[in-house]
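Peer 1: model the structure of this input:
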Amino acid sequence: MDKLDHDQSNWKAQHLPCESCGSSDAVCVNEDDSWHCFSCETHGQDYDGEYESGEYMTGQSEQKVLAIKTEGIVGALEDRKITSTTAKKYGVTIRRNNDGSIKNHLYPYYKDGEQVAQKIRDVQDKDFRIEGTVRDAELFGMHTVQKKGKYITITEGECDAMAAYELMGSKWAVVSVINGASSAPKDIKRNLEFFNDFETIVVCFDADKAGKDAAKKVAELFPPSKCKIMSLPDDYKDANDMLRVNKKQAFMSAWWDAKLFAPDGIVRGDDMWGVVTEEINQSFVEYPWQSMNDLTYGIRTHELITITAGSGMGKSQFVRELVYYLMNIENGSNVGLLMMEESIRRTGLSLMSLSANQLLHLPDVHMDKEELKKHYDATLGTGRVFLYDSFGSNSIDNIVSRVRYMAKGLDCKYIFLDHVSIIVSDQQNGDERKALDEIVTKLRTLVQETGIALFLVSHLKRPGGTSHEEGGMTSLSQLRGSAGIGQLSDMVIGLERDGQHDDPVIRNTTTVRILKNRFSGLTGPACYLHYDKDTGRMVEVDNPNDAGDDDEF
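Peer 2: Residues are numbered from 1 along each chain as shown. Now for the predicted structure:
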């Protein structure tokens, strides 16, 4: 559906109820019966509710748009603690009940010096109706303001404008948007030129989500060097709340402390003292092999770690060793596994094999159930490991959703995805490079959002020289399909092994090479892991080649 036209001139009905979110007055209907809810931001083509063209509805009330005819008297707004002097300045009048209590507030709206509308608010029911039209009206209070000044404050409502004016000692100009947070940017755009001659603009909207979001959208309309967003003290929703309890000093402190607005992602250097003095991001845990820690400084959260190697070079076994190590750390966190190339039974038995130091999945290895249960309890039975059964949809969005659930729903701090290439090959678009870019970008964003350490297994392209299966060196340029994997990863670990060497020690020893290390910048060979075919374990050893650039290891 095309974007709905929210131009107020096209609305034939406003302040109607929304069935989607339950709001009583957030829906507006266009001339073509298309509608938009300014509360939940949903919209549609045909509004199902009942209404008459030109009606304004709030709550259970229903009022026609009338010509300006209702008259009030000048007086204090006792229910809002606003003095008669302030009310008179803004042209606000009141109507009283027979018992002397205030029945209505009457807020005037002007255009080029002429009153074009007034909003009549019922004090008891909090409903309102409008006489005249605010379609082209100026902001509330603009008629009271000199065309040039040092400061001007914008609020979300009429009473907040008058309250802020009093809280600041009636010194500086305050205006209000017309229809609350939902239409604030539009109201400001229509009157944008008015603010040109003010040195500083302070946005003081309600301290709820809608108000905070609207404040940012309004601030984006002004030069960043002149617009500030004010944060109200805790426990106060708006300026009028603070006036009612006479918190003038607290309001002024918050007003002076308002920060110059910067769009999301832009941080002022002079706001970063707390950031740069934070404790250095130490590793959450270390790797199980000390020589790796010498280069990597361990495993940190909020990082994407890619593990890569040629086909059959032991990537999955390397991953299992990490998983087994992490699940046995005292007071450690949960671990999530998405092992796309094997069944959950094979994954489970492989983890139990590490505990048993035997390859339990082999047909000639037998263990009685009592002994088997001990290794089950030490691994799968800890309640700290969660596996994804990959039978079913392996779409990119489905996998990202499962990773998010493991992180947020199951409190998994470490998540392993082995391997990303199989997910990409399952996509329908046929563009491997594009699909890899898409999933790695989404996963990197998810890492930052959830604070996990995500281990991503990726295949390599075939090298031009010695094959990876014969010990060819890994490099970032060989990552399969897309440069995005290398660019977005915080750490890239390459595994190298000459699986055809005559020497069984060399044939079963893996070189762990750090290809990228955003944290410390240290790269190169990190350690050597020998695979024991009897126990199924990878153990750190000295360099079996004992020559060349790797002598130091």
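
Peer 1: pretty sure T306 is in a helix, no?
Peer 2: No: assigned with DSSP: H, G, I helix; E, B strand; the rest coil, T306 falls outside any helix and is strand.

Peer 1: got the phi and psi for the residue nearest the centre of the chain?
Peer 2: Central residue of the chain (C-alpha atoms, centre = their mean): E449, 6.2 Å from the mean position. Dihedral angles of E449 (phi, psi; degrees, to the nearest 10) stand at phi -70, psi -40.

Peer 1: V457 too?
Peer 2: phi -90, psi 130.

Peer 1: circling back to that earlier point, how close does the residue nearest to the centre of the chain get to N545?
Peer 2: 43 Å (C-beta to C-beta, to the nearest Å). Where you see a C-beta, it was placed from the backbone N, CA and C, and this is true even at glycine.

Peer 1: can you check D187 too?
Peer 2: On the measure of C-beta to C-beta, D187 and N545 end up 73 Å apart.

Peer 1: which one's more surrounded, these two?
Peer 2: Under the neighbour definition other C-beta atoms under 10 Å, D187 and N545 were set side by side, and D187 has more, 24 against 18.

Peer 1: OK, contacts around that one?
Peer 2: Applying C-beta atoms under 8 Å, 6 or more residues apart in numbering, we find D187 in contact with L139, V177, I178, N179.

Peer 1: cool, M292 as well?
Peer 2: V512, I514, A526, C527.

Peer 1: my guess is S458 meets H419, correct?
Peer 2: Yes: assessed by C-beta atoms under 8 Å, S458 is found in contact with H419 at 6.2 Å.

Peer 1: out of those two, which sits in the busier spot?
Peer 2: S458 (25 against 22).

Peer 1: so that one: helix, strand or coil?
Peer 2: Quick answer, by three-state DSSP: S458 is strand.

Peer 1: residue numbering should commence at 9 henceforth.
Peer 2: Right, with 9 as the first residue, what we last looked at is S466.

Peer 1: specify the beta-bridge partners of it.
Peer 2: Legend: beta-bridge partners of S466 under DSSP bridges are T316.

Peer 1: hmm, G83 is touching T91, no?
Peer 2: No: counting by C-beta under 8 Å, G83 stays clear of T91, with 9.7 Å between them.

Peer 1: stretch 264-276 - what's its average pLDDT?
Peer 2: Per-residue pLDDT over stretch 264-276 has a mean of 81.

Peer 1: buried ones in that stretch?
Peer 2: For stretch 264-276, the neighbour count (16 or more other C-beta atoms under 10 Å) marks A266, F269 as buried.

Peer 1: ok, back up a step: of the contacts of D195, which is the most crowded?
Peer 2: Counting by other C-beta under 10 Å, top hit in the contacts of D195: V185 with 27 neighbours.

Peer 1: distance check, it against A227.
Peer 2: With C-beta to C-beta as the criterion, V185 and A227 are 13 Å apart.

Peer 1: repeat for V293
Peer 2: Where A227 is concerned, V293 sits at a distance of 42 Å (C-beta to C-beta).

Peer 1: likewise for A270?
Peer 2: With C-beta to C-beta as the criterion, A270 and A227 are 9 Å apart.

Peer 1: then D278?
Peer 2: For D278, the distance to A227 - C-beta to C-beta - is 18 Å.

Peer 1: who's more crowded, the two?
Peer 2: A227 (24 against 6).
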